[in-house]
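[1] Okay, here's the prediction I keep looking at, along with the sequence it came from:
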Protein chains: 2
Amino acid sequence: MKLITRDTDYALRALCSIAQSKAPVTSVSALVQELQIPRPFLRKILQCLNKEGLLVSYKGKGGGFSLSLHPDKIYLLDLISIFQGDLKLNECVFKKQVCPNKARCPLSKKLALIEEQTVSVLKDVTVQSLVNENQRPEYKV
Amino acid sequence: MKLITRDTDYALRALCSIAQSKAPVTSVSALVQELQIPRPFLRKILQCLNKEGLLVSYKGKGGGFSLSLHPDKIYLLDLISIFQGDLKLNECVFKKQVCPNKARCPLSKKLALIEEQTVSVLKDVTVQSLVNENQRPEYKV
DNA sequence: TGCATATGATACCATTATGGTATCATTTGT
DNA sequence: ACAAATGATACCATAATGGTATCATATGCA
């Protein structure tokens, strides 16, 4: 049961790497070298982040990507939402139909609680918060 | 992202149904009727629960299943463990290898916390606790 | 101008997990 | 003996995951 899938994780790593880079743009090649992620897969992920407005891309020689938001504003929960869809733990297996087993329903309350707690723990995980651990000065406000 | 998959859910429903039944044994047919679960799939699930020691089975005419534990001792977490494997939310995508990105690791602490909270919420969900909602007297101690 | 170097778009693909089916063997009550 | 039940096991369809491959397009620079 994965809370965070591989593409979300790769996206997060890439964003952190770009955030930490001194260069104005970071190429896929640089990221592949640093993160050891399969190149075409990473490209797909970055293109997606670009479409979603988290990255700005520069084509052509010397091109690459840069963050379009401050790392403080790039939330893991948004990445999860982009790559995995909304975090929903409490969907009954009888979606459209009426659930035939009322006895089970108290479970949905528990699941809602778990979902709530999970979001609450994840909500302040940002690129910034992960990059901070390495004490890089660039983004100190 | 499903915390509880269909087989776990079906198993739980079936166990609750058996727990609530007045008869000494409950047949697959009876369960199928009540729960509207595809018969062969339910059979597979029940056979599994039998192997795992949660159900006792009786072959032949008039046969079926009965609980081998008090509903108080049948935990949802055990069902999850049986059908979905151990609840593990915090596995790094770089399993065998050394994780190349130390910056991400603070995440694993958060995931561990989420896992802990999740287990803590689920740990007292038993068949009994779900059946209780219907105020059936059979299992009042 | 032309070419190498970058991303954009898109289609395809392999593996695994999920959610089942199908079939035959075995046991047991009548 | 036979019907009614489970046991065991193999198979299968669909979707999600984790990618590849390819061609189009933009751009810096000699």
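    Received the coordinates, thanks.
[2] quick one: contacts for residue A:6?
    Residues in contact with residue A:6 (CB atoms under 8 Å, 6 or more residues apart in numbering or on different chains) are residue B:93. Yep, even glycine has a C-beta here, placed from its N, CA and C like the rest.
[3] what about 10 Å?
    By CB atoms under 10 Å, 6 or more residues apart in numbering or on different chains, the contact list for residue A:6 reads A:37, A:41, A:45, A:83, B:93, B:94.
[4] From what I see, the third one and residue A:5 are in contact.
    To tie it back to what came earlier, the one meant is residue A:45. No: proximity of residue A:45 to residue A:5 does not meet the contact threshold set by CB atoms under 10 Å, at 11.1 Å.
[5] so which strand or helix has the closest residue to DNA strand D within chain A?
    Chain A approaches DNA strand D most closely through residue A:60 (2.2 Å), counting by CB to the nearest atom of the strand. For residue A:60, there is no host helix or strand (DSSP states H and E).
[6] What does it show for phi and psi?
    Per-residue torsions, residue A:60: phi 80, psi 180 (degrees, to the nearest 10).
[7] ditto for the one 4 residues further on
    When quoted as degrees, to the nearest 10, the phi and psi of residue A:64 stand at phi 150, psi -150.
[8] wait, doesn't it sit right on residue A:46?
    Yes: using CB under 10 Å, residue A:64 makes contact with residue A:46 at a distance of 9.1 Å.
[9] Give me every residue in chain A lying close to DNA strand C.
    Proximity of chain A to DNA strand C, by CB under 7 Å from any atom of the strand, involves residues A:1, A:27-29, A:43-44, A:46-47, A:50-51, A:57-65, A:93.
[10] For the residues you listed, which PyMOL command selects only the ones that are buried?
    Of the residues of chain A next to DNA strand C, the buried ones go into a single PyMOL selection, burial set by 16 or more other CB atoms under 10 Å in any protein chain shown:
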select buried, chain A and resi 1+27+28+46+64+65+93
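[11] Intersect the residues of chain A next to DNA strand C with the contacts of chain B.
    Near chain B, taking CB under 10 Å from any CB of the partner chain as the test, the members of those found are A:1, A:93.
[12] In strands only, show me the residues of chain A next to DNA strand C.
    A:57, A:58, A:64, A:65 (DSSP state E).
[13] Of all residues in chain A, which one is nearest the centre?
    residue A:79 (2.6 Å; CA atoms, centre = their mean).
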